[in-house]
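[1] Quick one: sequence plus predicted model below, questions after.
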Amino acid sequence: MRTSTYGDHPKLLGPDTGLARVFAFFEAEGHSDPAGAWQALTGTWNWAAPLPTAVPSTDVPGPVARPVPGGCALSGQWRLPSYDSYDGTGPWLALPLAPVRDGGPDLFVVASKVLPGDVGAGSVFRLEDMYVPAGFVTHSAGEPLRSGDTPFFWTAVTALALGAARRMTDALAAPSTAAAAAELAAVLHDERLSLAATVHAAPSARQGLPPSVEERLAAHVGQAGIAVHHVVGAAYEHALASGGSADRHPLVNLIEACSPILQQVRYATELLLPHDKTSPRKAEHGDDCRISG
């Protein structure tokens, strides 16, 4: 089994691990330390590796990314892949910085529709302050995931999201909001049971899943993502309705810390497709419309 470490974080499981164990591990990690677990996952595994990757242009200073709320603003010039199999129409594109920083987040995934309409394979294009959500950022220094590893990443991200949302219901469980917290926790419990049943006895991603299992997993990942966003939104509304100040409520900081996971889980099966599929449903929703430019 492939494991790795990220700082003092516990050892991470990988695509060689059975999916039931992956789910249980990352759900617990998402509950105990969602921000740290996300950093560990993306620092260990380069999830964007299967996507087409542009090359920073050498004709101008290298691309830069500056932090903004919820993600970063990416600027620079890149050249699209020139290999024959890339026609410039893929839905997602990975944009690296140059030079690569040691272990830092340096690989940014954007929707191809943000590019100029006339670009094709090998074309050079430029972006100015393109917003990239934190959940669409990873580390090129991480071990590259393969196209067939998608069930591992789907399972890990969804488990993190469910665990993080469960922690939010814990934060909501004050006397005035206890009933609401219990109701939302029950929603998450049902989703955990459903996904756990889907991956029960499933092999590791690298052993290969039967197509029917992979299809069910993709459907449950999408369903769980919707449930998580519902729980987070409802928890925030109940926190505000309880009469406290949003600026001081612990739930606000927790939601901000979990934002990369929440961004990623909504698009997980669109960013990384089942290995036998060629075209996903177009991303027409999201945490911020700036995802699409």
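    Nice, thanks for sending it over.

[2] okay, residue 8: pLDDT?
    pLDDT recorded at residue 8 is 44.

[3] And for residue 274?
    pLDDT, residue 274: 77.

[4] pretty sure it is in a helix, no?
    No: using DSSP: H, G, I helix; E, B strand; the rest coil, the secondary structure at residue 274 is coil, not a helix.

[5] List the residues that contact it.
    Residues counted as contacts of residue 274 (C-beta atoms under 8 Å, 6 or more residues apart in numbering) are 150, 211, 214, 215, 218. Just so you know, the C-beta spots here come from the backbone N, C-alpha and C atoms, and that holds for glycine as well.

[6] Mind giving me the PyMOL select for those, buried ones only?
    The PyMOL selection below is limited to those of the contacts of residue 274 classed as buried (16 or more other C-beta atoms under 10 Å):
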select buried, resi 150+214+218
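
[7] With respect to residue 191, which of the contacts of residue 274 is nearest?
    residue 218 (14.8 Å; C-beta to C-beta).

[8] I'd like the contacts of residue 274 written out as a markdown table, with secondary structure, pLDDT and distance to residue 112 added.
    Listed next are those as a markdown table, based on DSSP: H, G, I helix; E, B strand; the rest coil; pLDDT from 0 to 100; distance: C-beta to C-beta, whole Å:
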| residue | secondary structure | pLDDT | distance to residue 112 |
| --- | --- | --- | --- |
| 150 | helix | 96 | 19 |
| 211 | helix | 93 | 27 |
| 214 | helix | 95 | 24 |
| 215 | helix | 94 | 25 |
| 218 | helix | 96 | 21 |
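
[9] With distance to residue 164 added, can I get the contacts of residue 274 in a markdown table?
    Converted to a markdown table, these look like this (distance: C-beta to C-beta, whole Å):
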| residue | distance to residue 164 |
| --- | --- |
| 150 | 21 |
| 211 | 30 |
| 214 | 24 |
| 215 | 26 |
| 218 | 21 |
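
[10] Out of the contacts of residue 274, flag the one nearest to residue 18.
    Ranked by distance to residue 18 (C-beta to C-beta), the contacts of residue 274 are led by residue 214 at 14.6 Å.

[11] burial count for residue 144?
    Neighbour count for residue 144, taken as other C-beta atoms under 10 Å: 12.

[12] For it, name its beta-bridge partners.
    residue 46 (DSSP bridges).

[13] start the count at 15, not 1, going forward
    In the new count, where the first residue is 15, that last one comes out as residue 158.

[14] In contact with it, which residues?
    Counting by C-beta under 8 Å, 6+ apart, residue 158 has contacts 59, 60, 63, 64.

[15] Highest neighbour count among those residues?
    Each of the contacts of residue 158 was scored for neighbours by other C-beta under 10 Å, and residue 59 scores highest at 24 neighbours.

[16] And the pLDDT for it?
    At residue 59, pLDDT is 95.

[17] coming back round to it: from the contacts of residue 288, pick the one nearest residue 50.
    residue 164 (23.6 Å).

[18] how much space is there between the nearest residue to that closest one once chain neighbours are set aside and residue 168?
    In space, and not counting its chain neighbours, residue 164 is closest to residue 286: 4.3 Å by C-beta to C-beta, 6 or more residues apart in numbering. Distance, residue 286 to residue 168, by C-beta to C-beta, to the nearest Å: 7 Å.

[19] Who has more neighbours out of those two?
    Between residue 286 and residue 168, residue 168 has the larger neighbour count (other C-beta under 10 Å), namely 29 against 25.

[20] quick one: which helix or strand includes the more buried one?
    Assigned by DSSP states H and E, residue 168 falls within helix 164-186.

[21] Name the residues of that helix that are buried.
    Going by neighbour count (16+ other C-beta under 10 Å), the buried part of helix 164-186 is 164-183, 185-186.

[22] All set now, cheers.
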